[in-house]
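Peer 1: Quick one: sequence plus predicted model below, questions after.
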2 protein chains.
Amino acid sequence: MSDALFTDLYELTMMAGYHVAGRSEEPATFDLYFRHLPAGVDLVVACGLEPVLDYLQRLRFDDRDLAYLRSLDLFRPAFLDYLADLRFTGDVWAVSEGLPVFGDEPLVRVTAPLAQAQLVETALLNRICYSSLVASNAAQLVACARGKPVLEFGARRAHGPDGAITGARAAMVGGCAATSNVAAGERFDVPVSGTQAHAWVMAFDSELEAFRAYARAFPDNCLLLVDTYDTLAVGVPNAITVAQELAADGHRLAGVRLDSGDLLALAQETRRMLDEAGFHDAKILASGDLDADAVTELEQAGAPIDGYGVGTSLLTARRDPALSGVYKLAEIGGQPVLKISGNPRKTTSPGRKQVWRQDSGDVIGLADEDLQGEPLLVEAMRAGRRLLATVPVAELRTRCRQ
Amino acid sequence: MSDALFTDLYELTMMAGYHVAGRSEEPATFDLYFRHLPAGVDLVVACGLEPVLDYLQRLRFDDRDLAYLRSLDLFRPAFLDYLADLRFTGDVWAVSEGLPVFGDEPLVRVTAPLAQAQLVETALLNRICYSSLVASNAAQLVACARGKPVLEFGARRAHGPDGAITGARAAMVGGCAATSNVAAGERFDVPVSGTQAHAWVMAFDSELEAFRAYARAFPDNCLLLVDTYDTLAVGVPNAITVAQELAADGHRLAGVRLDSGDLLALAQETRRMLDEAGFHDAKILASGDLDADAVTELEQAGAPIDGYGVGTSLLTARRDPALSGVYKLAEIGGQPVLKISGNPRKTTSPGRKQVWRQDSGDVIGLADEDLQGEPLLVEAMRAGRRLLATVPVAELRTRCRQ
């Protein structure tokens, strides 16, 4: 099955309607934007363009897709023949990934034959909304952590395997230092991170034995999870014992991970114990259902924590798991289109637009105007041909952090 | 790239540690369960086993995976050789998809060589947690709708393309009547649903012209979106005009969709207007950022609504977007393992378990006990070979609704 069927049925019924009305090829422009900031973030980081361009480039209905659509008994043969030949031939202008954007300004602008422009709505919203949401949450977390490394640990609770991989990419774009997800590390060439779980400790007769076994396997990458039994009474002392053994062999303990309890108090006492034993450069990593509020509190209290592992709240965007992205008709057959609604938030702006970034904020104008500032929408595809090169995730991350 | 890299790095470092310690092949049992109900649901519907079995059957590291792992400079060559030959050879017992389950009882039990059982943790949690969450939310929504059709409309806001497809499947298992996602319809052989969006109406010079064009394309499947301009002043009257024209040609208007405003008042007045015009069997469908609370209110007020389209809140599980699933070591080398925690919710139960469903509730015992009631965990894989046949989604849906 191709990706072409990844769309809401109504995109196809509308296409079929345009086909019957002889209007499929009329040029149309749609704007993709979001209406308001998700709870808890100060700005939205644009993300997801790369998968959008990839989807548009590959868009076609294969024989299996067409056989399925025929089986629905909803579409005329002439429309199915039309789909068989369909390729995306439109123009795409978009905000570069990693840049901050505001509500009501287009992130992606699609100008294409009406039927094509309509078809791609579902896939574009799906790709842009979730990625931008996670990138925004990551940027927020990194700000709360005052720039200390934030590691993305969310694969297990993400919404499906691809949700985890898409989410890991977006988290890196938003500023995370590494992901625990090995598949994402491979695919996007970003750092991966992780050591051991409670099961590791429980699989040995004692915690000390578990720590020693780990140190034997990874003498130069040994970061020990110290909260399986009692963090301060046994966990940290056992870690110190292993640190001493490692040091005797010419290695250094990388650090410890705290995954439960009062992280502030535990981190303070752990730091004191590690320092007292002479392990000043052993790091303390915190994890365990952390979110932006928890990280902020720890930082404001001056917790001696060197990095944060954040999973569920980041990849499921727990505070607000949906970015309210919309895709609205702005121009058809060269005529601007306006929808006025009783709810002013739902009124759309007409015409083919550009956004200029000025020092005082962004200004939205018509694409053929020449306003002050840097134009945010750049040409990504022309007549179905991709113009924008793929930017490595590491570079998008730098762009976002500027 | 295979699916094998879809795992947290720490599963691989633990595996490598067991390999160095000579313990990779020690038999181990892990339980996958959740700790508490997500907000807003009364019970959790088990879902996601089919993708788990598919993953386990296909699990292997291909050359590209191994080349990537080698590039991390973290693993010894002997471990990478071991991975190259690795297949899943374990046993899996699981609760059938579509059945309700409670907190702290195993949904999936894996008995396998320690390294294998550890490796699959991330992928199993990812597949079971999200699917069970959406199936549970769907079941809750269907209950709130008093059995009226609930249609899944969430593809655009779901977390990635696969989040949308996995979510659509789970929504159907939980009781939804159809999905808007055509790819999910094809893949799982479930009904698809959808008509037109506001863009359709805006693409024509008038709403009436838009409705007529749709009726021409779909005379026998014509459900009109009536809220683009003014629902009661023009939307419903235009729909009635088209209904009369359809009737004159021997067709029937399927109905109208309300997507904004005071849905109760609009539905009451719309019903009155349709009935007065003689269109008693034209349906009223409601949509527009609905959730379980909104559906409950509408139903309690006796709204004359025939079906609900629910998107964002269902597929992003907006009230609580993460099911707190865990995967805990229960037995190793034939010895039960217990973890006691200061937080009693985090204490694990030892041994290889079975769950018996009795009239008074579920009882958890050891697998070799013989308790009253129906055993919930059934044998799904033995020695890496799948025993459980794929159950069609439509059948799982029936199972869930019983």
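Peer 2: Thanks, I have it.
Peer 1: what ranges do the strands span in the stretch 301-402 of chain A?
Peer 2: A:307-310, A:325-332, A:335-336, A:353-358, A:361-366, A:374-375, A:377-382, A:385-386 (DSSP state E, counting those that start in this stretch).
Peer 1: I'd like the ones you listed written out as a markdown table, with mean pLDDT and mean neighbour count added.
Peer 2: Yep, even glycine has a C-beta here, placed from its N, CA and C like the rest. Output for those, formatted as a markdown table (pLDDT from 0 to 100; neighbours: other Cβ atoms under 10 Å in any protein chain shown):
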| stretch | mean pLDDT | mean neighbour count |
| --- | --- | --- |
| strand A:307-310 | 98 | 24 |
| strand A:325-332 | 94 | 22 |
| strand A:335-336 | 90 | 12 |
| strand A:353-358 | 94 | 19 |
| strand A:361-366 | 91 | 14 |
| strand A:374-375 | 94 | 12 |
| strand A:377-382 | 98 | 18 |
| strand A:385-386 | 97 | 12 |
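Peer 1: Pipe the ones you listed into TSV and attach distance to B:Ala301 per row.
Peer 2: Shown next, in TSV, are these (distance: least, Cβ to Cβ, whole Å):
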stretch	distance to B:Ala301
strand A:307-310	42
strand A:325-332	29
strand A:335-336	40
strand A:353-358	41
strand A:361-366	41
strand A:374-375	50
strand A:377-382	45
strand A:385-386	51
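Peer 1: just so I know, which of those lies nearest chain B?
Peer 2: strand A:325-332 (4.3 Å; Cβ to the nearest Cβ).
Peer 1: what angle do the closest one and strand A:353-358 make?
Peer 2: Orientation check (axes from the mean of the first three to the mean of the last three Cα atoms, to 10 degrees): strand A:325-332 against strand A:353-358 gives 120 degrees.
Peer 1: tell me what strand A:325-332 is packed against?
Peer 2: Here strand A:325-332 touches strand A:27-34, helix A:121-144, helix B:198-202, going by 3 or more Cβ pairs under 8 Å, 6 or more residues apart in numbering or on different chains; DSSP states H and E.
Peer 1: Deepest-packed of these, please.
Peer 2: For those, average neighbour numbers computed from mean count of other Cβ atoms under 10 Å in any protein chain shown are highest in helix A:121-144, which has a mean of 28.
Peer 1: That one and chain B, are they touching?
Peer 2: Yes: Helix A:121-144 is in contact with chain B by Cβ under 8 Å from any Cβ of the partner chain, via A:121-123, A:125-127, A:129-130.
Peer 1: Run the chain-centre distance for that helix.
Peer 2: How far helix A:121-144 lies from its chain's middle: 5 Å, per Cα atoms, centre = their mean, to the nearest Å.
Peer 1: Tell me the one among the residues of helix A:121-144 next to chain B nearest to chain B.
Peer 2: Lowest distance from chain B to the residues of helix A:121-144 next to chain B (Cβ to the nearest Cβ) belongs to A:Leu125, with 3.8 Å.
Peer 1: Just give the closest residue to the closest one, not the sequence neighbours.
Peer 2: B:Arg156 (3.8 Å; Cβ to Cβ, 6 or more residues apart in numbering or on different chains).
Peer 1: One more: A:Lys339?
Peer 2: Nearest one to A:Lys339, counting by Cβ to Cβ, 6+ apart, is A:Thr348 at 4.5 Å.
Peer 1: quick one: that neighbour and A:Tyr327 touch, right?
Peer 2: No: using Cβ atoms under 8 Å, A:Thr348 is not in contact with A:Tyr327, being 10.4 Å away.
Peer 1: what sits up against stretch A:280-293?
Peer 2: For stretch A:280-293, contacts defined as Cβ atoms under 8 Å, 6 or more residues apart in numbering or on different chains pick out A:40, A:137, A:140-141, A:144, A:151, A:153, A:223, A:239, A:243, A:252-260, A:263, A:267, A:270-271, A:274, A:298, A:303-314, A:318-319.
Peer 1: how about stretch A:89-106, does it reach chain B?
Peer 2: No: using Cβ under 8 Å from any Cβ, stretch A:89-106 stays clear of chain B, with a minimum separation of 15.1 Å.
Peer 1: where are the low-confidence patches of the stretch 251-400 of chain A?
Peer 2: Within the stretch 251-400 of chain A, the segments meeting pLDDT under 70 span A:340-345.
Peer 1: how about the residues of it near chain B?
Peer 2: Within the stretch 251-400 of chain A, the positions near chain B by Cβ under 8 Å from any Cβ are A:260-261, A:312, A:315-318, A:320-323, A:325, A:327-329, A:332, A:337, A:339, A:341-343, A:346.
Peer 1: at 6 Å what do you get?
Peer 2: Contacts of the stretch 251-400 of chain A with chain B, taken as Cβ under 6 Å from any Cβ of the partner chain, map to A:312, A:316, A:318, A:321-322, A:329, A:332, A:337, A:339.
Peer 1: Between all of those residues, which two are separated the most?
Peer 2: With Cβ to Cβ as the measure, no two of those lie farther apart than A:Thr312 and A:Ile332, at 42.9 Å.
Peer 1: right, and the helix or strand after the helix or strand containing A:Asp275?
Peer 2: In this structure, A:Asp275 sits in helix A:263-276 according to DSSP states H and E. Sequence order places strand A:283-286 as the next helix or strand after helix A:263-276, per DSSP H and E.
Peer 1: any idea of the angle the very next helix or strand once past that following strand forms with helix A:121-144?
Peer 2: Once the chain leaves strand A:283-286, the next helix or strand it forms, by DSSP H and E, is helix A:292-300. Angle, helix A:292-300 to helix A:121-144, by the same axes, to 10 degrees: 20 degrees.
Peer 1: just checking, what packs against whichever strand or helix holds A:Glu186?
Peer 2: Assigned by DSSP H and E, A:Glu186 belongs to helix A:182-188. The contact analysis (3 or more Cβ pairs under 6 Å, 6 or more residues apart in numbering or on different chains; DSSP states H and E) places helix A:182-188 against helix A:160-173.
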